[in-house]
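**Q** Provide a 3D model corresponding to the input given below.
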Amino acid sequence: MKQGHNAALAALLTVAAAAPALAETDWDMSVVWPEGNFHTQNAMAFAEKVKEVTDGEVNITIHSGGALGIKGPEGMAAVRDGIVPIADILMSQQVGENPALGVETLPFLAPTSQDLALLHKFYRPLIEKIAGEMNQKLLYMTPWPGQAVFSPEPIETLADISGLKIRVVDANGHDFFEALGAAPVQMPWGEVIPSLAAGTIEGVTTSSSSGVDGAFWEFMDNMSTFNWQASSNIVTVNLDAWNDLSDGDQKAIEDAAAAMEGQFWLNSRAEDASKIATLEEHGMTVTAPSAELKAELLEKALPLWDAFKERVPEAAPVVDAYLDARD
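**A** Next up is the predicted model:
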């Protein structure tokens, strides 16, 4: 009898081993922004929604503030190589992987959120293609508020920019501020505050959101709302990790990302107004460039569009289609 019982148990265990496991999937998500940043808050909301729509089968743990040791420019490579399964990534910092990821940061190409939404209509398919070539899938994109210029002194004319040692995010920013006569220094966010403290840089071009994250009032007195550069974060997932999910979970996550992206854009708009108010409360003077200065800035920007299209021919049709639709 005992022998028969053991045989039955062995058969049961064999069947159980052959059956597909219903184990939970746990993803660690790399985010370089601090926990209070709205991109991090968006990621946390997305993680909650993913857990809900997959009935707890997919759990995403957010690691903010660069806690996983992945720097901004390393984001897509880290997801590609499976160092992390999912990450929130500043797209413009990935131009070393593919220069076409720098389209939206061309100066004054898409200065409003409406402009950027139109640009993305033509640009998103290219981003998805590049992500696929790098072994990852794009889940959602969220813009930053417009890029402002933080400086020790007010910026009222081009002469006020001359010689300013200013942090920029990418090559497009470097080329633009060099054309303006500044002394641009390209660096990721994690190096900005130490560089301000050390005097390596005097000014920063970034969003109002990052200005608050970095408590810029401790270093500078002025913010000018240039809105000269659009900039978006992308959330991508490693394709091997994605393909390990069931079809049902994949569809649920895709649907959640699509449903939440619009709210994330609204969060970005609300963020700008809120953070500008915070900067002013801490004593920063916030101004907008005059019509004359804006015209001079645009004049300096336009040649860079043509140069970019020549340098990155893959991106030229995107820029041309957007400009045709905008005009």
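**Q** Which parts of the stretch 151-300 of the chain are helices?
**A** Counting by DSSP state H, counting those that start in this stretch, the stretch 151-300 of the chain has helices at residues 171-179, 192-198, 208-213, 239-243, 247-281, 291-311.
**Q** Just want the angle from the last one to helix 171-179.
**A** Translated: helix 291-311. For helix 291-311 against helix 171-179, the angle by axes from the mean of the first three to the mean of the last three CA atoms, to 10 degrees is 130 degrees.
**Q** Break this protein down into its structural domains.
**A** Per the record, the chain has its domains at 23-144+230-280, 148-229+282-326, by automatic domain parsing.
**Q** circling back to that earlier point, what's the most buried one of the helices of the stretch 151-300 of the chain?
**A** Among the helices of the stretch 151-300 of the chain, helix 208-213 has the highest mean neighbour count (mean count of other CB atoms under 10 Å), at a mean of 23. In short, each C-beta sits where N, CA and C put it, glycine included.
**Q** I'd like to know how far the residue positioned nearest the centre of the chain sits from residue 264.
**A** The centroid of the chain falls nearest to residue 233 when counting by CA atoms, centre = their mean (1.8 Å). Using CB to CB, to the nearest Å, residue 233 is found at 9 Å from residue 264.
**Q** intersection of neighbour lists for those two?
**A** When contacts are counted by CB atoms under 8 Å, 6 or more residues apart in numbering, the set common to residue 233 and residue 264 consists of residue 142.
**Q** Hmm, residue 156 is touching residue 293, no?
**A** Yes: between residue 156 and residue 293 there is a contact under CB atoms under 8 Å: 6.9 Å.
**Q** Kindly reformat the helices of the stretch 151-300 of the chain as a markdown table containing mean pLDDT.
**A** Converted to a markdown table, the helices of the stretch 151-300 of the chain look like this (pLDDT from 0 to 100):
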| stretch | mean pLDDT |
| --- | --- |
| helix 171-179 | 95 |
| helix 192-198 | 97 |
| helix 208-213 | 93 |
| helix 239-243 | 98 |
| helix 247-281 | 96 |
| helix 291-311 | 96 |
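**Q** I'd like those helices laid out as CSV, including distance to residue 104.
**A** Listed next are the helices of the stretch 151-300 of the chain as CSV, based on distance: least, CB to CB, whole Å:
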stretch, distance to residue 104
helix 171-179, 9
helix 192-198, 21
helix 208-213, 17
helix 239-243, 24
helix 247-281, 13
helix 291-311, 11
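**Q** nearest to residue 132, of those helices?
**A** Closest approach to residue 132 among the helices of the stretch 151-300 of the chain (CB to CB): helix 239-243, 7.5 Å.
**Q** residues making contact with the closest one?
**A** Helix 239-243 has contacts (CB under 8 Å, 6+ apart) with 25, 27, 82, 85-86, 132, 135-137, 250.
**Q** centre of the chain versus it, how much separation?
**A** The chain centroid and the centroid of helix 239-243 are separated by 21 Å, computed with CA atoms, centre = their mean, to the nearest Å.
**Q** Just the CA coordinates for it, please, in CSV.
**A** What follows is helix 239-243, C-alpha atoms only, in CSV (Å, rounded to 0.1, in the frame of the first residue of the first chain):
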residue,chain,number,x,y,z
LEU,A,239,12.2,42.5,-24.6
ASP,A,240,13.3,39.2,-23.0
ALA,A,241,11.6,40.2,-19.8
TRP,A,242,8.5,41.3,-21.7
ASN,A,243,8.3,38.1,-23.8
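**Q** Now do the strands in the protein.
**A** Per DSSP state E, the chain carries strands over the ranges 25-30, 58-63, 86-90, 136-143, 148-151, 165-168, 183-186, 203-206, 222-224, 232-238, 285-287.
**Q** For residue 73, which of those is the nearest?
**A** Between residue 73 and those, the shortest separation by CB to CB is 8.4 Å, and it involves strand 86-90.
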